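Give me coordinates for this.
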Amino acid sequence: MTDLAAAFARHGIDHLSPSSLNMWAAEPALWLLERRLGHRSAASPIMVRGRAVEHGVHVGLTKPSAEIAECQAAALTEFDREMALDPDPRREHERSQLPGYVAGAIAELRQYGVPTGYQTRVEIALDDVMVPVIGFLDWRFDQHGLIVDL
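This is a model prediction of the structure:
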């Protein structure tokens, strides 16, 4: 076993993710605090906005008859659920952005029809890295050869 493989095994790391690699590249100390020591920081309103937009867009893509207002309401409900007790001053600004993001994404993506896949797992092996990198694609539209990661 190589030193790198032993280090991964010693720390219980059986895979990496694109987000963990990005965090390591930007802030190795934060990666250590969150990924190895378990001191996770709260999700920011910006992160929650992204998840809420994805939820609203998914409603609109998988239910083509849904009105845009229904999809926007689903996104707002998701955002409010996650941010209910968060005092972050950016919360209301990020919430106000949701309807426009949902409407714009649905307007663009509905032309491709109903997705053939959602949150499809992707695993790749990199040379000299002893564990796989695992990520997820938001939507696949196989009939168009299109992958969308919102």
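
Show me where the chain has its helices.
Using DSSP state H, the helices of the chain run over 3-10, 18-26, 28-31, 45-62, 68-83, 91-109.

ok, the residue nearest the centre of the chain to Arg140 distance?
Most central in the chain under Cα atoms, centre = their mean is Arg51, positioned 6.3 Å from the mean C-alpha point. Separation of Arg51 from Arg140 (Cβ to Cβ, to the nearest Å): 19 Å. C-beta: built from backbone N, CA, C; applies to glycine.

quick one on the thing from earlier: let me know which of the helices of the chain is the nearest to Gly38.
helix 28-31 (12.3 Å; Cβ to Cβ).

quick check: domain ranges of the protein?
As given by automatic domain parsing, the domain ranges for the chain are 3-41+116-148, 45-112.

what about Glu92, distance to Leu61?
Counting by Cβ to Cβ - Glu92 and Leu61 are separated by 27 Å.

Among these two, which residue is more densely surrounded?
Leu61 (23 against 10; other Cβ atoms under 10 Å).

Name whatever forms a beta bridge with Ile124.
As for beta bridges, Ile124 partners with Val133 under DSSP bridges.

hang on, it packs against Leu21?
No: with contact defined as Cβ atoms under 8 Å, Ile124 does not count as touching Leu21 (11.4 Å).

Enumerate every residue touching the residue nearest to the centre of the chain.
Listed by Cβ atoms under 8 Å, 6 or more residues apart in numbering, the contact set of Arg51 reads Glu78, Glu82.

ok, so what distance separates it from Gly100?
16 Å.

Ser20 now?
For Ser20 relative to Gly100 (Cβ to Cβ), the value is 30 Å.

Specify which residue of those two has the higher count of neighbours.
Neighbour totals were compared for Ser20 and Gly100, and Ser20 leads with 16 against 11 (other Cβ under 10 Å).

does the more buried one really touch Trp31, like I thought?
Yes: the criterion here is Cβ under 8 Å, and Ser20 meets it with Trp31 at 6.7 Å.
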